[in-house]
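Q: Here is my input; please provide its structure:
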Amino acid sequence: MPSRPRPPLPRRPLTPLRLLVDLARPHSGRIVAGALFYTLAGASSMSQLWMIGRIVDDGFIAEDAGALVFWLVLTAAAVIAQPIFWSSGFRQFTRAEAANQRVIVQRLTDHLNAAGTGVRGRVSAGELVNLPSEDTRRAARSVSDFGFFFNNFAMFAVGSTLVWSIHPLLGAVIIAGSAVTALVTGPLLGRLQRRQSDYREMIGDLTAHAADIVGGLRVLRGIGGDLLFAERYRERSAALQRRGYRVANSSSWIHAMRHSMPIVFVAAITWTGAVLAANGSISIGDLASAFSFATVFIAVSGNFIGTANYLVAAWVATRRVVRFLTIGSDVDDQGTMRGGGGELHDPDSGLTVPVGGLTAVVTAETAPALEACERLARYRDSEATWGAKPLEAFALAEVRERIMLLTDEDYLFSATLAETLRVDRDAALAAIATACAADVYTGLGGTLEGRVAEGGRNLSGGQRQRLRLARATAAEPEILLAVEPTSAVDAHTESLIAERVAAARAGRSTLVVGASPMWLGRSDRVVWMVEGKVHAVGSHAELLADPAYRRLASHQID
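A: Numbering: from 1, shown residues only. Below you'll find the predicted structure:
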């Protein structure tokens, strides 16, 4: 009897530890090789200190030239091998760190695209600035921090073994000192982690506040709100400074431990070695080695504490990255159907986008019309249909490829014109002409290699709007839903754009939200919405018979 198929295992929730493991898994070979090189480097470094005792005892004190030459050559070989092994290990972990940084940024970007509007209201603009920069750098660096930790652990393990071989009491002193250091610094690291988390949260909020001020500076100055916002920024900045002092307080104790505990460590080893040498338990060469080990253990113990500090920062950053990656999309992506066709219909508002032609939506409030377009473009879950089937039944990738939503919130990334439009030269120039964006083209040097600054900062508001429209028309979506696509251009340019878009998209479905007569006069169909619901449908000339529509269409609204 055939066995019953097992249900798929539930996907484990993403945690900081799991993310770090997932990042490290593709580089397991590099990590193992790096750990091996670091182990060899630690063994080479510590063996040199042990050989000092042999040089003293077997060479100088015994006056054996052959033994002296042998141990000197062996020590020289260890001195040459140690930096080679260390740099090889460093190279392996650094390559893994660079690759992880790229992977984290890609995951953040992909998740932002997938989550869409689900991120809205849950992650501030400041957080989105810091996540792919500071947090990504620290999270990716965790693999290198682990490498440094392993390097110091290898030095500690080999050194402790060699010191133990000199005399068990010296080994016991090293182990006891390490245990005391861990017991003292452990609580400090926990406190530092909590305070760094709070501090990082406040940095994101303050960055978002600064972005709001800069983004709305012109409006704020017009209404006298710039001084109020600046005062609030100063207050938050002062609060962040106080929180930073609390982080620095914990960090300073850790740094103090990093520099003071190893000195106590060395004093204990030195005193123990001197006592053992005085009573004849160890030789003069062993005492010299003990002094050398004591000196190097200053660096090893300090590096342990410093690396732990870096790992705490990496853990805090990874938690914030995970928190972003676990934000779910507000759009259900369970659809699998393809090959959709027919008219788009939104039952919530009654808005319908027919197959082919230019449809204009006239409304006194843009927000409800935008929400209807978001439902039709499936940026919100709804009961919208595509043809005779629910829109949510179609694969989201299919919807994104064939239905495009164009708004003024669409972002312009730092890229050339060619990279922005992403079509061949002839199609790019045609899209620029359709959107009447020739001044953008000439202003960037009259070449498609002209560069658009991040956010389109080197363009005016009207130029940015027309470049967005050019990008949308260049993509040639089957259905284009454009919300106020020409609100920032003059009437003459708007008339040309409406005429050219209608001609360029002949045979495809285009919906434009806006009450401009330039669009209404060229529309095949006009939809009049009142309070988010379709009130009437007809041609522009037919709807002008209604006085309320006539006032709305002629911009004579109180």
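Q: if I look at G339, how far off is K389?
A: According to C-beta to C-beta, to the nearest Å, G339 stands 10 Å off from K389. Where C-beta positions appear, they are placed from N, C-alpha and C, glycine not excepted.
Q: Name the residue in the two with the higher neighbour count.
A: Per other C-beta atoms under 10 Å, whichever of G339 and K389 has more neighbours is K389, with 14 against 8.
Q: Next up, the contacts around that one.
A: Contacts for K389 (C-beta atoms under 8 Å, 6 or more residues apart in numbering) come out as M337, G340.
Q: Show me where the stretch 301-450 of the chain has its strands.
A: 344-346, 351-353, 357-363, 385-386, 389-390, 403-406, 415-416 (DSSP state E, counting those that start in this stretch).
Q: actually the stretch 451-558 of the chain, sorry about that
A: Under DSSP E, counting those that start in this stretch, the stretch 451-558 of the chain gives strands at 451-452, 479-483, 509-513, 525-530, 533-538.
Q: Adding mean neighbour count and mean pLDDT, write those out as CSV.
A: Compiled in CSV, the strands of the stretch 451-558 of the chain are given as follows (neighbours: other C-beta atoms under 10 Å; pLDDT from 0 to 100):
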stretch, mean neighbour count, mean pLDDT
strand 451-452, 18, 92
strand 479-483, 25, 96
strand 509-513, 25, 96
strand 525-530, 21, 95
strand 533-538, 15, 95
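Q: Mind giving me the packing neighbours of the strand or helix carrying A35?
A: Assigned by DSSP states H and E, A35 belongs to helix 28-54. Counting contacts by 3 or more C-beta pairs under 8 Å, 6 or more residues apart in numbering; DSSP states H and E, helix 28-54 packs against helix 65-115, helix 136-166, helix 284-325.
Q: quick one, it and helix 284-325 angle?
A: 160 degrees (axes from the mean of the first three to the mean of the last three C-alpha atoms, to 10 degrees).
Q: Can you list the buried residues in helix 28-54?
A: Using 16 or more other C-beta atoms under 10 Å as the test for burial, helix 28-54 gives 30-31, 33-54.
Q: List the buried residues of stretch 96-111.
A: Going by 16+ other C-beta under 10 Å, stretch 96-111 has these buried residues: A96, E97, A99, N100, Q101, V103, I104, V105, R107, L108, H111.
Q: And for stretch 63-76?
A: Those would be A67, L68, F70, W71, T75, for stretch 63-76 by 16+ other C-beta under 10 Å.
Q: ok, back up a step: redo the helices and strands packed on helix 28-54 as JSON lines? Include distance to N458 and mean pLDDT.
A: As requested, those are arranged in JSON lines below (distance: least, C-beta to C-beta, whole Å; pLDDT from 0 to 100):
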{"stretch": "helix 65-115", "distance to N458": "23", "mean pLDDT": "88"}
{"stretch": "helix 136-166", "distance to N458": "27", "mean pLDDT": "84"}
{"stretch": "helix 284-325", "distance to N458": "30", "mean pLDDT": "77"}
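Q: Nearest to E235 among the ones you listed would be which one?
A: helix 284-325 (24.0 Å; C-beta to C-beta).
Q: so what does the closest one touch, helix or strand wise?
A: Against helix 284-325 (3+ C-beta pairs under 8 Å, 6+ apart) you get helix 16-24, helix 28-54, helix 65-115, helix 136-166, helix 168-215, helix 226-278.
Q: Next, the angle from the fourth one to helix 28-54.
A: Relative orientation of helix 136-166 with respect to helix 28-54: 30 degrees, computed using the same axes, to 10 degrees.
Q: Show me what helix 136-166 is packed up against.
A: So helix 136-166, by 3+ C-beta pairs under 8 Å, 6+ apart, packs with helix 16-24, helix 28-54, helix 65-115, helix 168-215, helix 284-325.
Q: Any figure for the gap between T272 and R54?
A: T272 is 21 Å from R54, by C-beta to C-beta.
Q: Likewise for G350?
A: Taken as C-beta to C-beta, the span from G350 to R54 is 92 Å.
Q: Equivalent analysis for V513, please.
A: Relative to R54, and taking C-beta to C-beta, V513 is found at 86 Å.
Q: Repeat that for Y441.
A: Y441 is 77 Å from R54, by C-beta to C-beta.
Q: in terms of contact, does V105 touch T136 like I think?
A: Yes - if you go by C-beta atoms under 8 Å, V105 and T136 touch, sitting 5.7 Å apart.
Q: sorry, back to before: among the strands of the stretch 451-558 of the chain, which comes closest to A172?
A: Of those, nearest to A172 by C-beta to C-beta is strand 451-452, at 65.6 Å.
Q: picking that back up, what pLDDT, on average, does the helix holding A35 get?
A: Helix 28-54 comes out with an average pLDDT of 89.
Q: Also stretch 349-367?
A: pLDDT averaged over stretch 349-367 gives 93.
Q: Which positions in it come out as buried?
A: S349, L351, T352, V353, G357, L358, T359, A360, V361, V362, T363, T366.
Q: pretty sure the fifth one contacts R525?
A: When you say that, I think you mean G357. Yes - with contact defined as C-beta under 8 Å, G357 counts as touching R525 (6.4 Å).
Q: From I432, how far out is L448?
A: L448 sits at a distance of 9 Å from I432 (criterion: C-beta to C-beta).
Q: tell me, what's touching these two both at once?
A: In contact with both L448 and I432: L417, L421, Y441, using C-beta under 8 Å, 6+ apart.
Q: Which residue, neighbours along the chain excluded, lies closest to the last one?
A: Here the nearest residue to Y441 in space, its sequence neighbours aside, is I432; by C-beta to C-beta, 6 or more residues apart in numbering that works out to 5.3 Å.
Q: isn't the one you found right up against G443?
A: No - counting by C-beta under 8 Å, I432 does not reach G443; the two are 11.6 Å apart.
Q: neighbour count winner among those two?
A: I432 (25 against 14).
Q: pLDDT score assigned to the more buried one?
A: 96.
Q: List the contacts of it.
A: L417, L421, A438, V440, Y441, A470.
Q: Mind doing that once more with 7 Å?
A: A438, Y441, A470 (C-beta atoms under 7 Å, 6 or more residues apart in numbering).
Q: Of these, which belong to helices?
A: If you go by DSSP state H, the contacts of I432 have A438, Y441, A470 in helices.
Q: Of these, which is the most crowded?
A: A470 (26 neighbours).
Q: Hmm, A435 and that one touching each other?
A: Yes - in this structure A470 lies within contact range of A435 using C-beta atoms under 7 Å: 3.8 Å.
Q: okay, the buried residues of stretch 349-367 in JSON lines with distance to R457 next?
A: Listed next are the buried residues of stretch 349-367 as JSON lines, based on distance: C-beta to C-beta, whole Å:
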{"residue": "S349", "distance to R457": "35"}
{"residue": "L351", "distance to R457": "35"}
{"residue": "T352", "distance to R457": "39"}
{"residue": "V353", "distance to R457": "34"}
{"residue": "G357", "distance to R457": "37"}
{"residue": "L358", "distance to R457": "32"}
{"residue": "T359", "distance to R457": "34"}
{"residue": "A360", "distance to R457": "32"}
{"residue": "V361", "distance to R457": "31"}
{"residue": "V362", "distance to R457": "33"}
{"residue": "T363", "distance to R457": "31"}
{"residue": "T366", "distance to R457": "25"}
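Q: nearest to F90, of those?
A: Using C-beta to C-beta, the buried residues of stretch 349-367 come closest to F90 at T366, 56.3 Å.
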